[in-house]
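> let me see the structure of the following:
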Amino acid sequence: MKKYLVEFIGTFFLVLTIVMAVNTLGDNGFVAPIAIGSALMVMIFAGGHISGAHYNPAVTLGVLMRGKISMADVPGYMIAQIVGGAAAAALGAFLLGDKAPAAANALAPDVVPALIAEILGTFALVYVILNVATSKGTSGNSFYGLAIGFTVTAMAYALGPISGGAFNPAVAIGLGVGSMFSWASIWIYLVGCFAGAALAAIVFNFVKADDDV
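Just a heads-up that it's a prediction; the model follows:
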């Protein structure tokens, strides 16, 4: 139960940061990816020793394929992440009041470019996570949270203009709740994020060191 609570808390503050930063920074919105990556970084350092700090159903899938989480824990992780993201978006909309985004303005990206962007961004994220947080060669390192947070920041700058830069099904669902993403487009993020995560796990399992079991 403690692991699921940590996953809820981490995902909650990640999504709350996204909602508030994107909608309040105005002309300074270009710094939002820094705030988002920083929020993820600190929540990873806060909860990594308890739950592994996935905060992302696609990461949980990748870690499952890596063999570092049991199938029995997967539903609890994913439910906690999705509920945390949805709760954060709902609270963010309340806090924003009149500044809250309208459903009519929700992002509905072009399907093929957005799908490719979400696959690539999630691949990069999960590939980095598996290497810095689950490998024997990087065991006990102190930089994994920073590496993961900066991956999200970099991918948000590089691919966010194409897809909105979710790279996380819980984020996408949360932003649907917060009227930032169109519900008709949510499938793009579900398919793209899970596909990117699965591909990253396949590649990692292929290239990992022989003793990295």
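> neighbours of H49, how many?
Counted with other C-beta atoms under 10 Å, the neighbours of H49 add up to 9. Every residue, glycine included, has its C-beta placed from N, CA and C.
> mind listing what's buried in whatever helix or strand it lives in?
Assigned by DSSP states H and E, H49 falls within helix 32-51. Neighbour-count burial for helix 32-51 flags 32-33, 35-45, 47-48, 51 (criterion: 16 or more other C-beta atoms under 10 Å).
> distance check, T151 against V42.
15 Å (C-beta to C-beta, to the nearest Å).
> per-residue pLDDT, the residue nearest the centre of the chain?
With distances taken as C-alpha atoms, centre = their mean, the residue of the chain nearest its centroid is N168 (3.7 Å). At N168, the model reports a pLDDT of 98.
> for L107, phi and psi?
Per-residue torsions, L107: phi -70, psi 130 (degrees, to the nearest 10).
> thinking again about what came up before, could you identify the least confident member of the buried residues of helix 32-51?
G48 (90).
> what residues are up against that residue?
Contacts of G48 were listed using C-beta atoms under 8 Å, 6 or more residues apart in numbering, and they are 133, 144-145.
> pull out the buried residues from those residues.
133, 144-145.
> restricted to strands, list these.
Judged by DSSP state E, strands contain none of these.
> make JSON lines out of those residues and add distance to S182 and pLDDT.
Below are the buried ones among the contacts of G48 laid out as JSON lines (distance: C-beta to C-beta, whole Å; pLDDT from 0 to 100):
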{"residue": "A133", "distance to S182": "33", "pLDDT": "92"}
{"residue": "Y144", "distance to S182": "34", "pLDDT": "90"}
{"residue": "G145", "distance to S182": "32", "pLDDT": "92"}
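> list the contacts of the closest residue to A86 other than its chain neighbours.
For A86, ignoring the flanking residues on the chain, the nearest one in space by C-beta to C-beta, 6 or more residues apart in numbering is V177 at 4.8 Å. Applying C-beta under 8 Å, 6+ apart to V177 gives the contacts 85-86, 89-90, 93.
> just to revisit the earlier point, and of the buried residues of helix 32-51, the nearest to G140?
G48 (11.9 Å; C-beta to C-beta).
> mind listing the helices for the chain?
For the chain, the helices defined by DSSP state H occupy 2-24, 32-51, 57-66, 74-96, 111-133, 144-163, 169-177, 186-207.
> so which of these is nearest N105?
helix 2-24 (11.1 Å).
> what's the spacing between the closest one and its chain's center?
10 Å (C-alpha atoms, centre = their mean, to the nearest Å).
> let me see the mean pLDDT of it.
For helix 2-24, the mean confidence score works out to 96.
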